[in-house]
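J.: Sequence and predicted structure are below.
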Amino acid sequence: MNEDVFAGHEALTFDDLLVVPDWSEVLPADVDLSTDLAGIELQTPLMSAAMDTVTEAPLAIAIARVGGIGVLHRNLSIVDQTAEVERVKLAQAGMIAAPISLSPQASLSEAEVLMATHKISGVPICESDGRLVGILTNRDVRFCTLDEYAKPVTDFMTSEPLVTAPLGTDLDEAIAILHRHRIEKLPLVDEHGVLAGLITVKDIAKRIEYPNSTVDDAGRLRVAAAIGVTDTIERAEALVAAGVDMLVVDTAHGHSAGVVSALEAIKMRFPEPVLIAGNVVTADGVEMLVSAGADVVKVGVGAGSICTTRVVAGAGMPQMTAIFDCARAARELGVPLIADGGIVASGDIVKAFVAGAAAVMLGNLLAGVDEAPGELELVEGAMWKTYRGMGSAGAMRGRASDRYGSGQSSGKHVAEGVEARVRYSGSLAEFVGQLTGGLRSGMGYAGAATLADLQHRARLVRVTGAGLRESHPHDVAVVRDDWAT
Ligand code: XMP
């Protein structure tokens, strides 16, 4: 027997602890929720889990618009997951750097097909050397008759006068020009008149509507994607080509040889995207992943609401201790941590930050929003959405089964998760507003104006079973339970 068999200390989780209220000059409405994940700034420190009942393009778009970031799941072929990245990247743009264009010889029907395929309302017309000669928009073709569809686009496009702006025009200047000329699309040209970009009213409207959006340098929404340890390089290559901002090596046991070699290979081939790896629950695990190339480490084993790892494998670590132990090592190494799993209320988010997280990953809490995959189900008068573990029998029939190594040699997977459902929770934006409202409130109680402040000054206290009972509504018959978040 290993003489040091006991890890040495008692491990705690969210419900074991509370933040001690402290002197505060901070108003919840004024706190700053921004965080930095290895150079990518989030105005809202929330990530959506890489699960097939949580994050596909619609949810990734919605969470990036409110300042977080989504991690696209990998229970998809490489082609399909790459297409999801493209959907997010095409959802909005500051300036479209390589706009789709047509030659002057193209027919009106070709232009219609192109616009319908790419869901765009106009297309610049360029000579073969790239020189812009006109722009065809919905307005130009609205009343065309059938016999006109074979005619060239030059018969319908707007060319004189053609409003353009030089490359480098900023968004404010572009808004002024669009307004002055009452137009909706502004092509940008270089000194030779070659089309070099396009700014549209639609994209500007989105920037105004979603001021906290997580965007890249080109003004496109940022997105992360999960990869595993089997088709790693091939998948990473396709995702990087599609413009993914973060790669997440997504495994149940990150402190392992397969993950370390995958990280080394990815970092060497694709140094650009932020590399996240996990999951681990110990300082040794953090150090190992960082030395193999991880820029950010993800923490949590068996904490997830749909996880059965701790029951099936007898392994894991209560989540607050896991975050706290990992944070000590991560701080030394200057690497941010993501707390992943077990968060079922906004108060848990506050506690995760106090323990040392730089962002939290949510599965359960986001699986019930409109933008999550899956239909609504009406059960006993309430609305629900499906939520299942990526280690559940159903999910492991897909491509992400290498997340859980167990049982593969026998050809049979051993499930480490359940298939379930969660309460429907409406639109992501409104629901996230509730969660960040709770986080703001917690920061107010701790007197912390920023997340860094929260980590430095907040103290935690252990609660007993009686204390926990007192924390929840008690000795009443609850008639509305919106407090749960
Ligand atoms: P929550 O608590 O937000 O947790 O629902 C989401 C996280 O749980 C992990 N995950 C699993 N863990 N078996 C596990 O042991 C599973 O089947 C499973 N599926 C997801 C994952 O880290 C996710 O982000």
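T.: Noted; the coordinates are in hand. Numbers count the residues shown, from 1 in each chain.

J.: could you list every residue that touches Val19?
T.: 350-351, 354, 442, 445-446, 458-460 (Cβ atoms under 8 Å, 6 or more residues apart in numbering). Bear in mind the C-beta positions are built from the backbone N, C-alpha and C, glycine included.

J.: Run through the bridge partners of it.
T.: Beta-bridge pairing for Val19 (DSSP bridges): Leu460.

J.: per-residue confidence at the most centrally placed residue in the chain?
T.: Geometric centre of the chain, nearest residue: Gly70, 1.3 Å, by Cα atoms, centre = their mean. Reading off the confidence values, Gly70 has pLDDT 98.

J.: quick one, what contacts the spatially closest residue to it that is not a sequence neighbour?
T.: Of all residues not flanking Gly70 in the chain, Ala60 sits nearest, at 3.1 Å (Cβ to Cβ, 6 or more residues apart in numbering). Counting by Cβ under 8 Å, 6+ apart, Ala60 makes contact with 48, 69-72, 84, 88, 221, 223.

J.: just these now: which is nearest Arg480?
T.: Ser48 (26.6 Å; Cβ to Cβ).

J.: Ends of stretch 323-342, what's the gap?
T.: 12 Å (Cα to Cα, to the nearest Å).

J.: cool, stretch 38-52 as well?
T.: Using Cα to Cα, the two ends of stretch 38-52 sit 26 Å apart.

J.: for the residue of the stretch 101-250 of the chain found nearest the ligand, which residues make a bridge with it?
T.: For the stretch 101-250 of the chain, the residue closest to the ligand is Asp250, as judged by Cβ to the nearest ligand atom, at 7.5 Å. Going by DSSP bridges, Asp250 is paired in beta bridges with Gly278.

J.: That one reaches Ile227, doesn't it?
T.: Yes: Asp250 is within contact range of Ile227, at 6.9 Å (criterion: Cβ atoms under 8 Å).

J.: Name the residues of the stretch 251-400 of the chain found near the ligand, please.
T.: 252, 279, 300, 302, 304-307, 309, 340-343, 361-364, 389-392 (Cβ under 6 Å from any ligand atom).

J.: picking up where we left off before, joint contacts of Asp250 and Ile227?
T.: Common neighbours of Asp250 and Ile227 (Cβ under 8 Å, 6+ apart) are Arg74.

J.: Let me know the helix or strand that the residue nearest to Gly70 is in.
T.: helix 57-65 (DSSP states H and E).

J.: Can you list the buried residues in stretch 222-229?
T.: 222-229 (16 or more other Cβ atoms under 10 Å).

J.: Contacts for it next, please.
T.: 40, 47, 50, 60, 64, 69-74, 81, 84-85, 88-89, 214-216, 235-236, 239, 244-251, 258-259, 261-262, 266, 274, 276, 400, 402-403.

J.: In a strand, Val350, correct?
T.: No: read with DSSP: H, G, I helix; E, B strand; the rest coil, Val350 is helix and lies in no strand.

J.: burial count for Met383?
T.: A count of neighbours around Met383, defined by other Cβ atoms under 10 Å, yields 14.

J.: How about Thr169?
T.: Neighbours of Thr169 using other Cβ under 10 Å come to 17.

J.: before we move on, what SS does it have?
T.: Thr169 is classified as coil under three-state DSSP.

J.: picking that back up, just the ones in helices from the contacts of stretch 222-229, please.
T.: Mapping these onto helices (DSSP state H) picks out 60, 64, 81, 84-85, 88-89, 235-236, 239, 258-259, 261-262, 266.

J.: The ligand contacts on the stretch 1-150 of the chain?
T.: Close to the ligand, as judged by Cβ under 6 Å from any ligand atom, the stretch 1-150 of the chain has residues 49, 51.

J.: ranges for the helices of the stretch 351-485 of the chain?
T.: In the stretch 351-485 of the chain, the segments counted as helices under DSSP state H, counting those that start in this stretch are 364-367, 393-396, 428-446, 451-457, 465-471.

J.: Could you look over these and pick the most buried one?
T.: helix 364-367 (a mean of 27; mean count of other Cβ atoms under 10 Å).

J.: quick check, distance from that one to the centre of its chain.
T.: 13 Å (Cα atoms, centre = their mean, to the nearest Å).

J.: tell me the phi and psi of Val194?
T.: Main-chain torsions, Val194, degrees, to the nearest 10: phi -80, psi 130.

J.: give the contact list for it.
T.: 126, 129-132.

J.: now the stretch 301-450 of the chain, which segments are flagged as low pLDDT?
T.: 399-400, 405-412 (pLDDT under 70).

J.: ok, 50 please
T.: Where the stretch 301-450 of the chain drops to pLDDT under 50, the residues are 407.

J.: Could you list the paired strands of the helix or strand containing Leu186 along with their orientation?
T.: For Leu186, the enclosing helix or strand under DSSP H and E is strand 185-189. Counting by DSSP bridges, the strands paired with strand 185-189 are strand 165-166 (parallel), strand 195-200 (antiparallel).

J.: Please work out the average pLDDT along the shortest one.
T.: In this model, strand 165-166 carries a mean pLDDT of 92.

J.: Which strands or helices does the helix or strand that that strand is followed by pack on?
T.: Downstream of strand 165-166, the next assigned helix or strand under DSSP H and E is helix 171-181. Judged by 3 or more Cβ pairs under 8 Å, 6 or more residues apart in numbering; DSSP states H and E, the packing partners of helix 171-181 are strand 165-166, strand 185-189, strand 195-200, helix 201-209.

J.: outside of the longest one, which residues touch it?
T.: So that's helix 201-209. 65, 92-94, 96, 121, 171, 174-175, 178, 184-185, 213, 219.

J.: Dump these to CSV, plus neighbour count.
T.: Output for those, formatted as CSV (neighbours: other Cβ atoms under 10 Å):
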residue, neighbour count
Arg65, 23
Gln92, 24
Ala93, 24
Gly94, 20
Ile96, 22
Ser121, 15
Leu171, 15
Ala174, 21
Ile175, 16
Leu178, 19
Glu184, 16
Lys185, 22
Ser213, 22
Gly219, 19
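
J.: Leu12 is in contact with Thr321, correct?
T.: Yes: the pair Thr321 / Leu12 is scored as a contact, 5.2 Å apart, by Cβ under 8 Å.
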